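Student: sequence first, predicted model second:
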Amino acid sequence: MPTTRLSAARLFLFLGIAVLAALPLSLRAADPLDPNAAQDAARLQVVVDYAGHVLKDAADHTPNRTEYSPLFAGGVNVYTKEQLKWIFPSGRELTWTDFTIQQNWMRILAALTNLTGDPKYKAIAKENYAFYFESLQDAGGLLQWGGHRFVDMITLRGVGMRDGDPSSPHELKNVYPYYEMMYEVNPPATVKYITAFWNAHVFNWKTMEISRHGEYGHEPGANWSHPFDDPKPYFDTKGLSFLDAGTDLIYSGAMLYKLTGDPGALLWAKRLSAQYVKARDPKTHLGAYQYTQPRKTDEQPDDSITQSWFGDRAKRQYGPDFPGHLVLEATILFRQQAMTIYSDDALMELQIGQALGDAGKDMIETTRQGMDAFVNYAYIPEKNQFRPMLTDGTDLSGFVTKRNGYYARKGTVLEPYRATPEFMISYARGFLVTGDPLLWKVARGIAKDYNLGDIGETPGRNVQVNLGTDNANAYALFSILDLYERTKGSDYLQLARAIGNNIVKTYYHHGYFTPHEDTIFANINAIQPYALLALDAAIKGTPEKVPYFLNGFGFYSGFYRFPDYSSRQIDSDLLFQPRKSSPDLPGPRHNANAAKADE
């Protein structure tokens, strides 16, 4: 008898029907007669199964220890179930858990309880926050977490990622902790943390000098009772005012106001946000990724050495090539800076602006103005690309880098880059909040470029989406769900279902969400299950049951020893890149558009 090979789509459908029949009522779609019910139920079951794997495999299994810990390892080997280790240059290995890179996971747990009715998920999330407050909050209020620290799951103590040094600093970048749950678990500890966060990272309140690095051990300060001079931008400082660090300070201050009504917290959050707005170019209104420039305290021995104490890196690398232009780190607008300004920060500012009502209208308006400027000067609609630029409007497309430096190696050609769904979600939300047609232009262009069809002249008008799309992008799914929530258009919901099915087929492997079928270590903070839960909530008409998506992801950076016994500083998602087909960690790389911190 000949055998028949099922397509992935048909197989998913058949599995969905089987899953639907076996599901408890709480997990089934609202209408069992709905022709989509089987796949809707199957997608939710995938996330339930995924959560079960994480709860089992990533949980703290440390033997011979009497102290209980609800913590989770940050990664799991999908084949062996080994928990991800950090290997220091000395060869010392510790199981790695950084709670800042688990905030999506905490929101997933909360959403699972809200959608399934099973209280265990949210209870586990609350246990984690309670444990951090009780055992991993220093006297000043900072938690043992962030880009340069993690918790050793054996000793349950904070460890520095640079070299194991316990003095490694506190740092958040695009984390957006789940403050609502933190406050629900322990209000005083949450307030103490946010105020400590500001006290540790604001070096000079009078000038609003901040740093992405904050020291532990600070005594609780005066909180918000400080003089402020409202300085002009680009003054030189020891700390670096990277926006991806500033966003977390702004978010925390605004959230403290929302949770407690503390007016000082909102005042300083707005003051910090305003510094980045003031640093925009006065004519183009582009920028700004920083509002200060690093103070020079030493001479640079070589172009390849790019630490900030040698002075402003953009001025050193590109300044000589553009006489008459202000070339600073604050005025560079490559892909990484644009992503932070017009996607990450924009999403946060729009959400906070809405959450605060009248008190947030100014934040929404300045965000809209900046996003408009980026469209006017940088967007190439016929190619769905953005130009690399200086914030004064100078187009750097095709420029050949003449010297090594922080941004690129000598000979690197600066090229336009694709407008990706990370921009689609911010520009679609921006339009929904402000009604600005320029913002819709970008969202619509990205949707067409990413095989989603035409999302409409405006939301819900002349929509011709591509229900046969192969798009499996979680940011695209969140974007389409935003449009559905506003319009209730069935085309958007059907497109969202198609993207959700593609996400399952593309990313769900061995019980985890990974970029490839043979990826070795899964990151438990994946956003794909988060997006699938948002889809389930939209289908059921209960979008409020899934915490609002802000694209928090965090980062890590530290010195790591490789199998050949060499050591170097690594960051980003490097530990999650090895595959069975290419098991070695990638070698050193230099991203021309990714101005990373000099850690």
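Tutor: Yes, it's here.

Student: so what does the longest helix belonging to the chain touch, helix or strand wise?
Tutor: When the chain is scanned for its longest helix (criterion: DSSP state H), the result is helix 37-57. Here helix 37-57 touches helix 8-22, strand 75-77, helix 103-116, helix 490-507, strand 512-513, helix 528-539, going by 3 or more CB pairs under 8 Å, 6 or more residues apart in numbering; DSSP states H and E. For glycine as for every other residue, the C-beta is placed from the backbone atoms N, C-alpha and C.

Student: can I get the ones you listed in JSON lines including distance to N466, mean pLDDT and mean neighbour count?
Tutor: Rendered in JSON lines, the data for those read as follows (distance: least, CB to CB, whole Å; pLDDT from 0 to 100; neighbours: other CB atoms under 10 Å):
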{"stretch": "helix 8-22", "distance to N466": "15", "mean pLDDT": "49", "mean neighbour count": "15"}
{"stretch": "strand 75-77", "distance to N466": "35", "mean pLDDT": "97", "mean neighbour count": "23"}
{"stretch": "helix 103-116", "distance to N466": "28", "mean pLDDT": "98", "mean neighbour count": "23"}
{"stretch": "helix 490-507", "distance to N466": "7", "mean pLDDT": "98", "mean neighbour count": "21"}
{"stretch": "strand 512-513", "distance to N466": "24", "mean pLDDT": "98", "mean neighbour count": "26"}
{"stretch": "helix 528-539", "distance to N466": "17", "mean pLDDT": "98", "mean neighbour count": "26"}
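
Student: so which of those gets nearest D262?
Tutor: Each of these has some distance to D262 by CB to CB; the shortest is helix 103-116, at 22.3 Å.

Student: next, the angle helix 528-539 makes with that closest one.
Tutor: Between the axes of helix 103-116 and helix 528-539, defined by axes from the mean of the first three to the mean of the last three CA atoms, to 10 degrees, the angle is 30 degrees.

Student: just the angle for helix 103-116 relative to helix 37-57, thanks.
Tutor: Using the same axes, to 10 degrees: helix 103-116 against helix 37-57 is 130 degrees.

Student: could you dump helix 103-116 to PDB, C-alpha only?
Tutor: Output of helix 103-116 as PDB, limited to C-alpha atoms (Å, rounded to 0.1, in the frame of the first residue of the first chain):
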ATOM      1  CA  GLN A 103      10.200  38.800  32.500                       C
ATOM      2  CA  ASN A 104       8.400  37.600  29.400                       C
ATOM      3  CA  TRP A 105       8.300  34.200  31.000                       C
ATOM      4  CA  MET A 106       6.700  35.700  34.100                       C
ATOM      5  CA  ARG A 107       4.100  37.400  32.000                       C
ATOM      6  CA  ILE A 108       3.400  34.100  30.200                       C
ATOM      7  CA  LEU A 109       2.800  32.400  33.500                       C
ATOM      8  CA  ALA A 110       0.400  35.100  34.600                       C
ATOM      9  CA  ALA A 111      -1.400  34.900  31.200                       C
ATOM     10  CA  LEU A 112      -1.700  31.100  31.400                       C
ATOM     11  CA  THR A 113      -3.500  31.300  34.800                       C
ATOM     12  CA  ASN A 114      -5.800  34.000  33.400                       C
ATOM     13  CA  LEU A 115      -6.600  32.000  30.300                       C
ATOM     14  CA  THR A 116      -6.800  28.400  31.700                       C
END
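
Student: what stretches of this structure score poorly on pLDDT?
Tutor: Along the chain, the parts satisfying pLDDT under 70 run over 1-32, 162-166, 572, 585-599.

Student: so what's the residue count around F374?
Tutor: 27 (other CB atoms under 10 Å).

Student: nope, K238 is what I was after
Tutor: The burial count for K238: 15, using other CB under 10 Å.

Student: could you do G264 as well?
Tutor: G264: 17 neighbours (other CB under 10 Å).

Student: ok, it to A222 distance?
Tutor: Shown here: G264 relative to A222, a distance of 10 Å by CB to CB, to the nearest Å.

Student: and what of Q369?
Tutor: Going from Q369 to A222 by CB to CB gives 33 Å.

Student: more neighbours, these two?
Tutor: Q369 (14 against 10).

Student: element containing W268?
Tutor: Assigned by DSSP states H and E, W268 belongs to helix 263-278.

Student: other residues contacting that helix?
Tutor: Helix 263-278 is touched from outside by 194, 198, 208, 210, 223-225, 228, 230, 232-233, 241, 243, 246, 249-254, 256-257, 287-291, 341, 345, 349, 356, 359, 362-363, 366, 370, with contacts defined as CB atoms under 8 Å, 6 or more residues apart in numbering.
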